[in-house]
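Student: when you get a sec, could you give me coordinates for this:
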Amino acid sequence: MDLRMMFLLFMIYSIIGWIMEVIIVSCEKKRFTDRGFLIGPYCPIYGIGALLITIFLTKYVDDLIALFVMSSIYGAVLEYFTSYIMEKIFKTRWWDYSTHKYNLNGRISLMTTLGFGALGVILIHFLNPFFEKIIDLLPDLSLTIISIVLALIVLADIIISFNVISNIKRVDLSDAIDTTDEISAKVKEILRSKSILNKRLIIAFPDLKIKVPNTLKKINKFSKKVKK
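Tutor: Residues are numbered from 1 along each chain as shown. So this is what the prediction gives:
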């Protein structure tokens, strides 16, 4: 598959993923919620997942059961390790399925895993053929220009967004008490006092959890004992 075609499919599915997230979370919160840690209206995890399914699972197009099962596995593995890696980098839990039945460490759940399986079947049988036909209608030069422009926009977005997210790592937690919820609340309060992009991050992930370093926990516990 042409690299430009792959990139545009990545963008399309990232945008579709963002729309799905916004609809689902906005219905849950009963107010509009701009999801995703990037500024633009796209969630890359959906684009990456769609590309992985397109590249590696198209061969199962005639076997619906295998396609569903493999799509579920790909989606679950991608979501789990994305959660794990982002938590290690930013010391923050961006989503938590602990309240869902049949979840694994709060990073993935049976419901979302089955959802990935269904999306994989829909993607291979319906969405990919549809979007590929549309993209094929673009002149070669237009396809190249659109791909480059979008790539530059996403690159700039990633740089800006990661700079915003890094504020979480710079928050002083030295006087915070020994509970993740209250430390998370303190981080949110500080971020709200900063730029509009920081405020957007809090709105997009109202339930984010800041991981409390073990050293800080020990210090706080020791302090409580001393006060007693």
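
Student: domains of the chain?
Tutor: Taking automatic domain parsing as the reference, the chain has its domains at 3-138, 166-228.

Student: is A151 in contact with F7, as I believe?
Tutor: Yes: shown here, A151 and F7 form a contact pair, counting by Cβ atoms under 8 Å, at 6.7 Å. Where C-beta positions appear, they are placed from N, C-alpha and C, glycine not excepted.

Student: neighbour-wise, which of these two wins?
Tutor: Taking other Cβ atoms under 10 Å, A151 and F7 do not tie; F7 has more neighbours (19 against 14).

Student: nearest residue to the more buried one in space, please, no chain neighbours.
Tutor: Leaving aside its sequence neighbours, F7 sits nearest to S147 (Cβ to Cβ, 6 or more residues apart in numbering; 5.2 Å).

Student: now for the one helix or strand the one you found maps to, which elements pack on it?
Tutor: Element membership for S147 (DSSP states H and E) is helix 140-165. If you count contacts as 3 or more Cβ pairs under 8 Å, 6 or more residues apart in numbering; DSSP states H and E, helix 140-165 packs onto helix 3-29, helix 196-204.

Student: and that helix, how far out from the chain's middle?
Tutor: Computed by Cα atoms, centre = their mean, to the nearest Å, the chain-centroid distance of helix 140-165 equals 17 Å.

Student: also stretch 32-43?
Tutor: The answer for stretch 32-43 is 9 Å, by Cα atoms, centre = their mean.

Student: same question for stretch 130-149.
Tutor: In terms of Cα atoms, centre = their mean, the centre of stretch 130-149 is set 26 Å apart from its chain centre.

Student: that stretch: end-to-end distance?
Tutor: Taking Cα to Cα, to the nearest Å, stretch 130-149 runs 23 Å from one end to the other.

Student: just the buried positions in that stretch, please.
Tutor: Buried positions in stretch 130-149, judged by neighbour count with 16 or more other Cβ atoms under 10 Å: F131, I135, L138, L143, I146, S147.

Student: give the rounded mean pLDDT of it.
Tutor: In this model, stretch 130-149 has an average pLDDT of 96.

Student: ok, residues contacting that stretch?
Tutor: Contacts with stretch 130-149, where a contact means Cβ atoms under 8 Å, 6 or more residues apart in numbering, come from R4, M5, F7, L8, L9, I12.

Student: pLDDT score assigned to the first one?
Tutor: When you say that, I think you mean R4. pLDDT recorded at R4 is 95.

Student: also the fifth one?
Tutor: What the model reports for L9 is a pLDDT of 97.

Student: ok, it touching L51?
Tutor: Yes: using Cβ under 8 Å, L9 makes contact with L51 at a distance of 6.6 Å.

Student: tell me which of these two has more neighbours.
Tutor: Taking other Cβ under 10 Å, L9 and L51 do not tie; L9 has more neighbours (21 against 17).

Student: for that one, give its distance to I15.
Tutor: Separation of L9 from I15 (Cβ to Cβ, to the nearest Å) stands at 11 Å.

Student: go on, T144?
Tutor: Taken as Cβ to Cβ, the span from T144 to I15 is 20 Å.

Student: so which residues of the chain form helices?
Tutor: Using DSSP state H, the helices of the chain run over 3-29, 44-57, 64-90, 110-122, 128-136, 140-165, 167-170, 180-192, 196-204, 214-227.

Student: quick one: closest of the ones you listed to D96.
Tutor: Taking Cβ to Cβ, helix 64-90 is the member of those nearest to D96, at 8.8 Å.
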